[in-house]
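In: okay, predicted coordinates and the sequence, questions at the end:
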Amino acid sequence: MEQSGTPLRWWQMRAFVVAATVITIVPLLWPQIPPLVDLPGHMGRYRVQLTPSAEAPWLAQWFAFQWSLIGNLGIDLLIIPFAKLFGLELGVKLIVISIPALTAAGLLWIAREVHGRIPPTALFALPLAYSYPFQFGFVNFALSMALALCLFALWLRLGRLKRFRLRTAIFVPASCLLWLCHTFGWGVLGVLAFSAEMIRQHDARKDAGSGHWLESWFRAGLGCIPLALPMALMIFWRSGDHVTGQTADWFNWQAKVAWIMMILRDRWELWDIASTAVFVLILFKAFRDPAIEYSRNLGLSALFLAAVFVALPRIVFGSAYADMRLAPFVVAIALIAIRPRATMTARHAGILAALGLSFFLLRTAGTTISYWQFDRDYDTELAALDKLPVGAKVVTFVGTNCHNEWRMSRLEHLPAIALERRLAYANDQWSMAGAQLLTARYSAAGMFAHDPSEIVTPGWCPREWWKPIDFSMARFPREAFDYVWLIRTPPFNARYATDLDRIWRSPSGASALFKVNRTRPAPQISDEELYPRWFLELRARRARAKQRELPPPPKA
C-alpha cells in the first residue's frame, strides 16, 4: 500500500472524484426521457399518482392506486416534490441522473475509506454505474443501491472514527428510509456492513489476544442491530392478504452465468462483452500480480455478496431478475477491493489509473451515443401522440421476437407515455397486488388490460406470455378501446384490421396509429386460424377429461 505521507496522485484528489461523478451523468443529459426499458411504465404510474381525481375522473375507472407501506417507493415518493418544482418528466430525469452519479461517488468513497486512498484499479469499476439493471429501468432498485453504497461508506467512516453512537443515531432512520426506497438496497447494506464489522471486530479482538472468528461473527451481528428495524416493516408488508407474487427458479446456473456476461448489456454485444472481459482480467490480475492484492475487508464483502447472488432465486415475491440485479455490484465491490502493495512503483500505479480512466471514458462515450440513438427512436414513435386525444382508450402493441436479442429496443413500455402525456389508457402497466401501488382494473379490456399484453411477436414464443401480432389484432376487444397504437410490430394479416382507420404512420412505416371504426363489423376469426395446433389439441383433451368427471345426468 502507498504510505500515508506520500503526495496524492491525480486520481486520489477530491477534484477527480467530483469530475468523475459529473462525467457519469453525461449520457443522460440529452434524452428528454431517459431511455431505460421500464422507466416509461413507471412514469405512467406517477402520472396517475399525481393527477387529482377531479381533473381526470376516468383514470379511477381504469386503475386502482392505493398508497401502502412497501419496500419499493423510492422515486414514487421523490417525484411528489420534484414534479411540483420541475414537472413530471424533468423531475424524473433529474432523479434518474442522480443514480449513476451517486453510484460512482459511493464506490470511490468506499475505496477511500477502506484503503486510505483511492487505488488506481478502482477507476475500472466506474462504468458499472450504467449496469444492466439500470439499463433495464429498475430505478427504485438502482437508486437504493446507489444510496446503499454511499451509506456503507459513511458506516465505514464512522466506524473508523469510532463514532458508534452517532452511527446508531444516523443508521436507525437511514436504514428504514433505504428499505422504503427499495428492499434490495437495505439488504445489500446489511451484508456489506456485517462483513465490514466482522473484519473490524476480528482485528480488534486479535490485538487484544482473542481474535476468534466465531466471536467476531456474533459481535458483528450485534454491531448491525441499528440496521435491523426494517425487518418489522418487511414482515408487515409481506403478511398482508393483498400481497401476491411467488418466489421461484432457484439455482438457475445458466441464467446466473448469463447475468455475469450481461452486467454491461446495452447496445453492442461485442463491445459490452469485451468490456466485461476487462473486469475479469483485472480481477484475475489481482491474484497473479505481486504488486497488487485484495483487501480483506472488501474482499470478504465481495464474497458475501457473491454467496447471496448464488443463493438468490430468479424470481422473488413475483419480481423477476432478482439475482441479475446483484451481479454488477458483486463485481464492483470486488474491483474496488483491489489495492496496490508497497512494491508498486508510482509509474505502475499511474499506468493502471490511466488505463482505468480510458476505459471509463470509452464506456461513457459509447453509452452517450447509444442513448442519443434511443432518444431519436423515442421522438419518432411519440409523434403519434399528437393525433391522440386526451383520455383516449388505447391498446398498444410493441413488436419483438423470440430470440432475446442483445440490444433491447427500449420501446417495450413506451405506451405508458400516452398515459403520462395524454392521460390515455395504456395496457402496459404492471398489475401485481402488493408489489406496486397501481393495479389495472379495466375489466372490459380482458386479457389486454396490463403487461405483457403490449408485447407482440411474429409467432408463438415458447415459455413466454407474449402473443403473436395476428392474434392480438384479431382478438383485442373493440368495445374496450378507441385506438390501436402499433410500435414497430411485425407484419400482420390485413383481414384483422378491416374495422381500423389509420390516422398516423411513422416515416419507416413500421409504426402506426389506428382508430377503431365501429360502423364496420369487427373481423370474425376462428380459433383454428389463430391458435397453434398443439394448443387446440391440449384444450380439446382437457375439455374431454372435464366432461368425463361430470356426474351422469339423473334418470327420468
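Out: All right, it came through fine. Numbering: from 1, shown residues only.
In: hey, let's count contacts and neighbours off CA atoms from now on
Out: Will do.
In: correct me if wrong: residue 136 contacts residue 36.
Out: Yes - the pair residue 136 / residue 36 is scored as a contact, 5.6 Å apart, by C-alpha atoms under 8 Å.
In: more neighbours, these two?
Out: Neighbours were tallied for residue 136 and for residue 36 using other C-alpha atoms under 10 Å; the higher tally belongs to residue 36 (27 against 20).
In: quick check on the more buried one: phi, psi?
Out: Backbone torsions of residue 36, given as degrees, to the nearest 10, read phi -110, psi 140.
In: can you tell me how far it is from residue 388?
Out: Relative to residue 388, residue 36 is positioned 24 Å away (C-alpha to C-alpha, to the nearest Å).
In: ok, residue 499 next?
Out: According to C-alpha to C-alpha, residue 499 and residue 388 sit 18 Å apart.
In: now swap in residue 67 and tell me
Out: Between residue 67 and residue 388 the computed distance is 30 Å (C-alpha to C-alpha).
In: ok, those two, which is more surrounded?
Out: residue 388 (21 against 10).
In: just list the residues touching the nearest residue to residue 500 once chain neighbours are set aside, thanks.
Out: Of all residues not flanking residue 500 in the chain, residue 516 sits nearest, at 4.7 Å (C-alpha to C-alpha, 6 or more residues apart in numbering). Residues near residue 516 by C-alpha atoms under 8 Å, 6 or more residues apart in numbering: 478, 481, 482, 483, 484, 499, 500, 501.
In: dump those into TSV; add pLDDT, neighbour count and secondary structure as well.
Out: Shown next, in TSV, are these (pLDDT from 0 to 100; neighbours: other C-alpha atoms under 10 Å; DSSP: H, G, I helix; E, B strand; the rest coil):
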residue	pLDDT	neighbour count	secondary structure
478	93	21	helix
481	96	19	coil
482	96	18	coil
483	97	24	strand
484	97	23	strand
499	93	17	coil
500	96	21	strand
501	96	14	strand
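In: quick one: buried residues of the longest helix anywhere in the chain?
Out: For the chain, the longest helix by residue count, based on DSSP state H, is helix 346-382. For helix 346-382, a neighbour-count test (16 or more other C-alpha atoms under 10 Å) marks 349, 352-357, 359-361, 363-364, 366-368, 370-372, 374-375, 378, 381-382 as buried.
In: stretch 275-283 now?
Out: Counting neighbours by 16+ other C-alpha under 10 Å, one finds that the buried residues in stretch 275-283 are 275, 276, 279, 282, 283.
In: show me how far it is from its chain's centre.
Out: Distance of stretch 275-283 from the chain centroid (C-alpha atoms, centre = their mean, to the nearest Å) equals 23 Å.
In: contacts for it next, please.
Out: 121, 124, 261, 262, 263, 264, 331, 334, 335, 338.
In: then stretch 352-363?
Out: Residues outside stretch 352-363 that contact it (C-alpha under 8 Å, 6+ apart): 11, 120, 121, 122, 123, 124, 126, 127.
In: between whichever strand or helix holds residue 286 and helix 346-382, how many degrees?
Out: Per DSSP states H and E: residue 286 is located in helix 269-288. Helix 269-288 and helix 346-382 meet at an angle of 150 degrees, taking axes from the mean of the first three to the mean of the last three C-alpha atoms, to 10 degrees as the criterion.
In: roughly how far out does helix 269-288 sit from the chain middle?
Out: So, by C-alpha atoms, centre = their mean, the centroid of helix 269-288 is 23 Å from its chain's centroid.
In: for that helix, C-alpha coordinates in PDB please.
Out: The C-alpha trace of helix 269-288 is given here as PDB (Å, rounded to 0.1, in the frame of the first residue of the first chain):
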ATOM      1  CA  GLU A 269     -22.900  -7.100 -27.800                       C
ATOM      2  CA  LEU A 270     -19.200  -7.500 -28.700                       C
ATOM      3  CA  TRP A 271     -18.300  -4.200 -27.100                       C
ATOM      4  CA  ASP A 272     -20.300  -5.000 -23.900                       C
ATOM      5  CA  ILE A 273     -18.900  -8.500 -23.500                       C
ATOM      6  CA  ALA A 274     -15.300  -7.300 -24.200                       C
ATOM      7  CA  SER A 275     -15.800  -4.700 -21.500                       C
ATOM      8  CA  THR A 276     -16.900  -7.300 -19.100                       C
ATOM      9  CA  ALA A 277     -13.800  -9.300 -20.000                       C
ATOM     10  CA  VAL A 278     -11.800  -6.300 -18.800                       C
ATOM     11  CA  PHE A 279     -13.300  -6.800 -15.400                       C
ATOM     12  CA  VAL A 280     -12.400 -10.500 -15.400                       C
ATOM     13  CA  LEU A 281      -8.800  -9.600 -16.500                       C
ATOM     14  CA  ILE A 282      -8.400  -7.100 -13.600                       C
ATOM     15  CA  LEU A 283      -9.900  -9.400 -11.000                       C
ATOM     16  CA  PHE A 284      -7.600 -12.300 -12.200                       C
ATOM     17  CA  LYS A 285      -4.600  -9.900 -12.300                       C
ATOM     18  CA  ALA A 286      -5.100  -9.200  -8.600                       C
ATOM     19  CA  PHE A 287      -4.400 -12.800  -7.800                       C
ATOM     20  CA  ARG A 288      -1.300 -13.000 -10.000                       C
END
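In: please renumber so the chain begins at 636
Out: In the new numbering, first residue 636, that becomes helix 904-923.
In: and the spatially most central residue of the chain, how far from residue 955?
Out: Centroid-nearest residue in the chain: residue 773, 2.0 Å away (criterion: C-alpha atoms, centre = their mean). Counting by C-alpha to C-alpha, the gap from residue 773 to residue 955 is 11 Å.
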